[in-house]
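Asks: test case, fold it:
(one chain, ligands or ions: 2)
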Amino acid sequence: MLSREENDLITQTGPGTPGGDLFRRYWQPIGLSEELPEGGEPVSIKILSEELALFRDDTGKPGLMGLHCPHRAADLSYGRCEDGGLRCLYHGWLFDTAGNCIEQPGEPEGSGFKDKVKNTAYHCVEKVGIIFAYMGPGEAPLLPAFDFLNVPESHVYVTKYFNESNYLQANEGNIDPQHLSYLHKFVKDDPNRPSVAGSSTSSNAFFGQDVAPQIEVEETNYGIRIFSVRTPSEEEKYVRITNFIFPNASLFGGVHYHVPIDDTHHWKFRITFDVAEPVDKERMQAEDAKEIGPDYRHRRTEENRFMQDRSEMKNKSFIGMGPNFQVHDLWATNSEGPIQDRTKEQLGYTDKAITAARRQLLAAIRDMQEGNEPPYILRDPDENHFQHLLAINEVVPSSVDWMNLWKERMTS
Ligand code: FES
Ligand SMILES: [Fe+2]
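Replies: Ligands and ions are numbered 1, 2, ... in the order given. Prediction:
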């Protein structure tokens with residue numbers, strides 16, 4: 001349970017809020033490369049409660065700038081991508097990706113006025129089909145060299161989903177290992193569900209056999225490592241390691257980033273990857289197409305009660321909302337309300353990682369309020385290594401020291 005003040009601190013990310021100041025220090029996914037084809041139109045987006053225009057200049061470089069033209073506020077997302085920037089339709093002012101005004105066709109020649117005008121602009125980089133932006137002050141820190149941001153294009157599937165809730169409750173779903181025994185359960189085991197390394201039994205069966213995993217957490221230099229250990233038999237442990245990546249992502253096999261649009265909506269960016277081999281993008285695309293429209297919005301909504309089918313609950317999915325985990329998580333987190341009221345919750349043992357993550361967020365915000373640097377900001381390339389950030393989903397003999405298993409599984 002949190003106080004009202006604490007809940008506000010970690011859920012509000014608009015400009016000028018303490019949480020907003022914190023979020024602006026970390027690279028955030030803000031769009032997909034596929035939304036911005038070369039030669040295509042700019043798009044109007046909102047991130048961290050700021051209205052922005054995302055575009056590509058005529059060299060293909062992505063740019064992110066204030067939506068409203070600094071001249072008299074026309075919407076730049078309607079503009080023309082030409083002559084090295086984005087040109088406003090109203091009076092033809094032209095802005096480059098750094099926000100410099102490089103042309104003001106109506107001003108007298110040699111006036112120099114354009115050199116005094118700047119639009120808000122944020123540094124962007126593109127990785128694995130996602131455009132990341134740094135929306136904070138000063139020089140951008142290094143983009144973390146996470147494995148999942150450095151795999152070949154064939155090895156990664158990315159997409160995003162619109163979500164009508166605050167970012168935090170959705171990210172808290174990712175770091176809650178016990179809900180796998182209920183929310184995502186299939187009443188009859190589906191033989192197509194992924195099996196687990198070291199066993200032919202499906203993860204679904206393991207989640208059902210032991211619904212009360214032992215949960216441990218440890219702080220790391222990226223956030224929190226979370227251990228959830230189930231005991232299907234005396235001889236075996238089913239070990240999962242998942243991770244909270246500060247301040248709003250998680251790695252549990254795949255990766256989710258929950259990026260605030262405003263305080264009551266967010267984008268969930270999904271990265272499904274394999275370091276060693278190509279992934280089946282077509283299958284994942286087809287699965288998503290059944291549930292999600294081309295505008296990245298789920299067809300199941302509160303208005304249609306998530307199309308819950310109670311007959312399905314007898315022999316298929318536990319919750320009666322089909323097999324797609326994205327839907328299950330959407331229902332659970334949206335149903336908590338636009339911003340979960342954490343002054344009224346009752347946390348238990350299974351919420352250990354959530355408590356630890358909130359503690360990190362609150363400590364970082366308070367530290368920043370006192371003028372200190374927030375944690376995990378990377379400036380030194382020698383420190384930009386994350387081989388110790390990995391997800392584990394494995395059955396091991398009971399004698400194995402599972403708290404240290406990740407050290408053995410590190411590649412280099
Ligand atoms: S409002 Fe954009 S150029 Fe005038
Ligand atoms: Fe989930």
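Asks: quick one: low-confidence ranges for the stretch 1-150 of the chain?
Replies: Scanning the stretch 1-150 of the chain for pLDDT under 70 picks out nothing.
Asks: write out the residues of it neighbouring ligand 1.
Replies: Listed as neighbours of ligand 1 in the stretch 1-150 of the chain under the rule C-beta under 6 Å from any ligand atom: Cys69, His71, Arg72, Ala74, Cys88, Tyr90, His91, Trp93. Where you see a C-beta, it was placed from the backbone N, CA and C, and this is true even at glycine.
Asks: in strands, which of the residues you listed appear?
Replies: If you go by DSSP state E, these have nothing in strands.
Asks: ok, which stretches of the stretch 201-350 of the chain are strands?
Replies: Using DSSP state E, counting those that start in this stretch, the strands of the stretch 201-350 of the chain run over 214-219, 223-233, 236-245, 249-251, 255-262, 265-273.
Asks: what's around the nearest residue to Glu302 once chain neighbours are set aside, how many residues?
Replies: Among residues not flanking Glu302 along the chain, Asn334 sits closest, at 6.5 Å (C-beta to C-beta, 6 or more residues apart in numbering). The tally of other residues near Asn334 (other C-beta atoms under 10 Å) stands at 19.
Asks: ok, Asn334 to Tyr26 distance?
Replies: Counting by C-beta to C-beta, to the nearest Å, the gap between Asn334 and Tyr26 amounts to 25 Å.
Asks: for Met403, same thing?
Replies: 28 Å.
Asks: the two: which is more packed in?
Replies: Legend: neighbour count by other C-beta under 10 Å for Met403 and Tyr26, higher for Tyr26 (22 against 14).
Asks: wait, the more buried one touches Ala249, no?
Replies: No - with contacts defined as C-beta atoms under 8 Å, Tyr26 does not count as touching Ala249, sitting 9.1 Å away.
Asks: which strand residues bridge Ser44?
Replies: Beta-bridge partners for Ser44, by DSSP bridges, are Ala53.
Asks: right, and it touches Asp75 too?
Replies: Yes - the criterion here is C-beta under 8 Å, and Ser44 meets it with Asp75 at 6.9 Å.
Asks: shared neighbours of the two, anything?
Replies: Common neighbours of Ser44 and Asp75, counting by C-beta atoms under 8 Å, 6 or more residues apart in numbering, are Ala53, Leu67.
Asks: any idea how far the residue positioned nearest the centre of the chain is from Gln346?
Replies: Nearest to the geometric centre of the chain sits Tyr257, at 0.7 Å (C-alpha atoms, centre = their mean). According to C-beta to C-beta, Tyr257 stands 28 Å off from Gln346.
Asks: just the element for the closest residue in space to Leu67 that isn't next to it in sequence, please.
Replies: Setting aside the residues directly before and after it, Leu67 is nearest to Glu51 in space (C-beta to C-beta, 6+ apart), at 4.0 Å. Glu51 belongs to strand 50-56 when assigned by DSSP states H and E.
Asks: what sits up against that strand?
Replies: Strand 50-56 has contacts (C-beta under 8 Å, 6+ apart) with 14-15, 30-31, 35-36, 38-40, 42-46, 62-68, 75-77, 79, 81, 86, 120, 122, 131, 135.
Asks: go on, stretch 68-83?
Replies: The contact list for stretch 68-83, computed with C-beta under 8 Å, 6+ apart, reads 39, 41-44, 51, 53-58, 65-67, 86-91, 93-95, 101-103, 117-119.
Asks: buried ones among these?
Replies: Buried members of those, counted by 16 or more other C-beta atoms under 10 Å: 42, 53-57, 65-67, 86-88, 93-95, 101-103, 117, 119.
Asks: what's Thr97 sitting at in phi/psi?
Replies: In terms of degrees, to the nearest 10, the main-chain angles of Thr97 are phi -70, psi -20.
Asks: could you look up the SS state of the nearest residue in space to it that is not next to it in sequence?
Replies: Distance criterion C-beta to C-beta, 6+ apart; nearest residue to Thr97, sequence neighbours excluded, is Gly63 at 3.3 Å. With DSSP: H, G, I helix; E, B strand; the rest coil as the basis, the three-state label of Gly63 is strand.
Asks: beta partners of Gly63?
Replies: Phe55.
Asks: isn't it up against Ala121?
Replies: Yes - with contact defined as C-beta under 8 Å, Gly63 counts as touching Ala121 (6.6 Å).
Asks: buried ones in stretch 128-139?
Replies: Val128, Ile130, Ile131, Phe132, Ala133, Tyr134, Met135, Gly136.
Asks: among those residues, which two are most distant?
Replies: Using C-beta to C-beta, the two most remote members of these are Val128 and Gly136, lying 22.0 Å apart.
Asks: where are the low-confidence patches of the stretch 151-300 of the chain?
Replies: Along the stretch 151-300 of the chain, segments meeting pLDDT under 70 span 191-192.
Asks: just to revisit the earlier point, joint contacts of Gly63 and Ala121?
Replies: Thr97.
Asks: between the two, who's got more neighbours?
Replies: Neighbour count, other C-beta under 10 Å: between Gly63 and Ala121, Gly63 has more, with 27 against 20.
Asks: what segments of the stretch 1-150 of the chain are helices?
Replies: With DSSP state H, counting those that start in this stretch, the ranges of helices along the stretch 1-150 of the chain come out as 4-11, 18-23.
Asks: reformat those helices as a markdown table; add distance to Thr355.
Replies: Formatted as a markdown table, these follow (distance: least, C-beta to C-beta, whole Å):
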| stretch | distance to Thr355 |
| --- | --- |
| helix 4-11 | 12 |
| helix 18-23 | 18 |
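Asks: deepest-packed of those helices, please.
Replies: Among the helices of the stretch 1-150 of the chain, the stretch with the highest mean neighbour count (mean count of other C-beta atoms under 10 Å) is helix 18-23, at a mean of 22.
Asks: which strands and helices sit next to it?
Replies: Helix 18-23 is packed against helix 4-11, helix 352-369, with contacts defined by 3 or more C-beta pairs under 8 Å, 6 or more residues apart in numbering; DSSP states H and E.
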